[in-house]
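> This is the structure alone, sequence omitted:
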């Protein structure tokens, strides 16, 4: 197996829900045993959205704690905060100077996010794919794990590498994508929408929710939204498939098909299985000290910056700034 250089990040915007875990963090833990990995807390990306400055430091610390509690090992991977490595924003500015605006105007996620925050459509929101390219190319990354909805951004990263290389000489490797199996987890109360913190706490199952909280939230989960499609029921069965054993899933699926499924029973079993699944995570999270988190981030930033400084020394020479 070829050992790839891999980078990925998560924005610190509050508690992680099970969709965040299944879509990213679970995969990070598997990748660290196979490849050279860099996992970062994307705090600069997170400030393109509406946020409270007073809560951001705590969000960063909590996300770093979640990284460790989920099983990321600083001896196997590099864990750091984006803003602790100043070279990221420096390289982003240089990439801004070779990236045509028309390429950013094509980004569908920019349009989606702009619709969500129409009173705060800032330049950072428009330009964050360039910063994302800097995040990736800084470490000579060869592969980026993404869901298919992120393909457009990785392709832009490859194009930016091409723009720079064509103008200043071969410098950056164009990374490939690793498509990760990302289950689509929907809101408990409005299952036509993806699970999201922005919808409210009762829409989400957070990975550090205590068993009683999980049971209470699932008890309120809708099963039939009145649309004739049973999106809520489908979402609960999808969760059973992920968190329960195969025998339990097949049983409930058969009962649904025969019209005999008791959703109260399904919810009770699902609540217990999700609580059990994250029991070790909850235990570890309570044991991790702030000192341990701070040391992990300081060590990670030092390791990341050593590579970033080498990259930027080469880049500055090539663009004529010394």
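Arrived safely. Predicted, not measured: the structure shown is a model, and the values here were computed from it.
> Downstream of the lowest-mean-pLDDT helix or strand in the chain, the next helix or strand is which one?
Lowest mean confidence among the helices and strands of the chain (mean pLDDT, DSSP states H and E): helix 108-116, at a mean of 71. On the C-terminal side of helix 108-116, the closest following helix or strand by DSSP states H and E is helix 123-137.
> which ones are touching the closest residue to residue 187 other than its chain neighbours?
The shortest distance from residue 187 to any non-neighbouring residue, by C-beta to C-beta, 6 or more residues apart in numbering, is to residue 203 (4.2 Å). Glycine gets a C-beta too; all of them are placed from N, C-alpha and C. Listed by C-beta atoms under 8 Å, 6 or more residues apart in numbering, the contact set of residue 203 reads 187, 188, 189, 190, 195, 196.
> Pull out the buried members of those residues.
A residue is treated as buried here by neighbour count (16 or more other C-beta atoms under 10 Å); on that basis the buried members of these are 187, 188, 189, 190, 195, 196.
> can you redo these as TSV with distance to residue 254?
TSV is the format used below for the buried ones among the contacts of residue 203 (distance: C-beta to C-beta, whole Å):
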residue	distance to residue 254
187	26
188	24
189	27
190	27
195	26
196	32
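> Which of those residues sits closest to residue 50?
Of all those, the one with the least separation from residue 50 (C-beta to C-beta) is residue 196, at 14.0 Å.
> Pretty sure residue 174 sits in a helix.
No: the assignment for residue 174 (DSSP: H, G, I helix; E, B strand; the rest coil) gives coil, which keeps it out of a helix.
> surely it meets residue 162?
Yes: using C-beta atoms under 8 Å as the test, residue 174 is close enough to residue 162 to be in contact (6.9 Å).
> higher neighbour count, the two?
Neighbours around residue 174 and residue 162, counted as other C-beta atoms under 10 Å, are more numerous at residue 174. The numbers are 16 against 13.
> quick one, domains of the chain?
Domain assignment for the chain, taken from automatic domain parsing, gives 5-183+290-319, 197-281.
> Now the terminal residues of the last one, how far apart.
Same thing as domain 197-281. 20 Å (C-alpha to C-alpha, to the nearest Å).
> Equivalent analysis for the first one, please.
Its start and end residues considered, domain 5-183+290-319 measures 25 Å (C-alpha to C-alpha).
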